[in-house]
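In: Got a sequence here, can you build the structure:
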Amino acid sequence: MENQENISVPIFTEVDRRVFLENIYPKRRPAVLRGVDLGPCVDRWTVEYLGEKGGDREVKVHVSTVAQMDFLHKNFAYRTLQFNEFVKRASETKHSDFFLCEDESYYLRSLGENVRKEPADLNKQFPDLAEDFHVPHFFEPDQFFSSVFRISSCGLQLWTHYDVMDNLLAQVTGRKRVVLYSPQDALHLYLSGDKSEVLDVDAPDLKRFPDFVKARRYECVLEPGDLLFIPALWFHNTLALQFGVGVNVFWRHLPADIYDKKDPYGNKDPVAAARALQALERALHALDELPAEYRDFYGRRMVQVIQRRTFCDDQDSDTTLPRSQFTKPG
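Out: Numbers count the residues shown, from 1 in each chain. Here you go, the predicted model:
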């Protein structure tokens, strides 16, 4: 996109636990890890094999008539399919059996058994397939939060959003483009909750979103077998270049009591952040009692205080975590 800075996500090879924890993780930047052993899934997970192992268990999937799925405006429908039928349809470009139209797109994000309380876990939802997938040992077992099974039709693009936990996106089969934005560019992304209102990151409506060009765009293409490290709070937008299967592995990189205990998806703001946002809403309601020019003046004072207390604009230098905040090699 014209005038937007584009940065390639670096690719690292021969990454083991020590290299990840000492050279990659502390920088808090996205990184593609190539050549990490993900297990036999990379070779085995064909459409036929997935259908056989997943069987006729029912799954709830997103079905869309357009390629760019938008969670803010819900331009898709939820439908239930047997897993083997879902995989068959998701791998097709034209469908003889369909819900909305013959070229509809499909997307699965696996859920826990109790979707409101339990995070997704590949070992529990798809134990036969989980045997093929090796979770990289880059964090302690007690930090594990979820392993999310994802399957996308070719051409499907998911909305830009952030998560509050660190995660590794394992692209098992197919190729996927990922566009990312730094947390420090949040002011340019037109947020609604944890999602950006800018649906088309390649051809945005700059009349509606003029500041979007100020956001630095980080980009990579994941090949089968690649891992993408996505640090917490980094915005990401994915585009399936082929029918593909992936697994997201999320872990708690901060003390457990910081996170909302009623969050099965790993995307609720930390407890303290939620309290701060609620306090901000109360403060803004208080300002509503004042005339316009006073609201403007005290609003600007509040922005200045927030900037002074919280901003750390250091995109040109590495943002490192204290050693105590990430898992040390065993």
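In: who touches Phe99 in this structure?
Out: With contacts taken as C-beta atoms under 8 Å, 6 or more residues apart in numbering, Phe99 has the following neighbours: 63, 77, 79. C-beta here means a position set from N, CA and C on the backbone, and glycine is covered the same way.
In: So which of these wins on neighbours?
Out: Neighbour tally across those (other C-beta atoms under 10 Å): the maximum, 22 neighbours, falls on Val63.
In: so where does that one fall, helix or strand?
Out: Under the criterion of DSSP states H and E, Val63 resides in strand 58-64.
In: neighbouring contacts of the next helix or strand after that strand?
Out: Stepping forward along the backbone from strand 58-64, the first helix or strand reached (DSSP H and E) is strand 77-82. Around strand 77-82, the neighbours that count as contacts under C-beta under 8 Å, 6+ apart are 55-64, 89, 99-100.
In: can I get those residues in a markdown table with pLDDT and distance to Glu118?
Out: Compiled in a markdown table, the contacts of strand 77-82 are given as follows (pLDDT from 0 to 100; distance: C-beta to C-beta, whole Å):
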| residue | pLDDT | distance to Glu118 |
| --- | --- | --- |
| Gly55 | 90 | 21 |
| Asp56 | 90 | 22 |
| Arg57 | 90 | 16 |
| Glu58 | 92 | 17 |
| Val59 | 93 | 16 |
| Lys60 | 94 | 14 |
| Val61 | 95 | 19 |
| His62 | 96 | 20 |
| Val63 | 96 | 24 |
| Ser64 | 94 | 26 |
| Arg89 | 96 | 27 |
| Phe99 | 94 | 27 |
| Leu100 | 92 | 30 |
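In: could you flag which of the residues you listed are buried?
Out: For the contacts of strand 77-82, a neighbour count by 16 or more other C-beta atoms under 10 Å gives the buried set as 59, 61-64, 89.
In: Nearest to Leu284 among the residues you listed?
Out: Distance to Leu284, by C-beta to C-beta, is smallest for His62 among the buried ones among the contacts of strand 77-82, at 34.2 Å.
In: Could you check how far that closest one is from Asn237?
Out: Going from His62 to Asn237 by C-beta to C-beta, to the nearest Å gives 16 Å.
In: just Gly39 next, same as before
Out: Note on Gly39: its distance to Asn237, by C-beta to C-beta, is 27 Å.
In: With Ala77 instead?
Out: When distances are taken as C-beta to C-beta, Ala77 and Asn237 turn out to be 21 Å apart.
In: Strands of the stretch 201-330 of the chain, start to end?
Out: For the stretch 201-330 of the chain, the strands defined by DSSP state E, counting those that start in this stretch occupy 217-222, 226-230, 235-240, 244-251.
In: on contacts alone, who are the packing partners of the second one?
Out: Read it as strand 226-230. Contact analysis of strand 226-230 by 3 or more C-beta pairs under 8 Å, 6 or more residues apart in numbering; DSSP states H and E lists strand 31-34, strand 166-173 as its packing neighbours.
In: again with the longest one
Out: For strand 244-251, the helices and strands in contact under the criterion 3+ C-beta pairs under 8 Å, 6+ apart are strand 144-152, strand 166-173.
In: Export the next helix-or-strand element following the shortest one to PDB, keeping only CA atoms.
Out: Beyond strand 166-173 in the direction of the C-terminus, DSSP H and E gives the next helix or strand as strand 176-181. Once non-C-alpha atoms are left out, strand 176-181 reads as follows in PDB (Å, rounded to 0.1, in the frame of the first residue of the first chain):
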ATOM      1  CA  LYS A 176      -0.500 -18.600   4.400                       C
ATOM      2  CA  ARG A 177       0.200 -14.900   4.300                       C
ATOM      3  CA  VAL A 178       0.300 -13.100   7.600                       C
ATOM      4  CA  VAL A 179       0.300  -9.300   8.100                       C
ATOM      5  CA  LEU A 180       1.100  -8.000  11.500                       C
ATOM      6  CA  TYR A 181       1.100  -4.600  13.300                       C
END
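In: longest helix of the chain?
Out: Ranked by residue count, the top helix of the chain under DSSP state H comes out as helix 292-310.
In: Identify the residues contacting that one?
Out: 283, 287-288, 290.
In: give me that answer again for 7 Å
Out: Around helix 292-310, the neighbours that count as contacts under C-beta atoms under 7 Å, 6 or more residues apart in numbering are 283, 287.
In: Same question for stretch 161-169.
Out: Outside of stretch 161-169, the residues within contact range by C-beta under 7 Å, 6+ apart are 136, 145, 194-195, 227-235, 246, 248-253, 259, 266-270.
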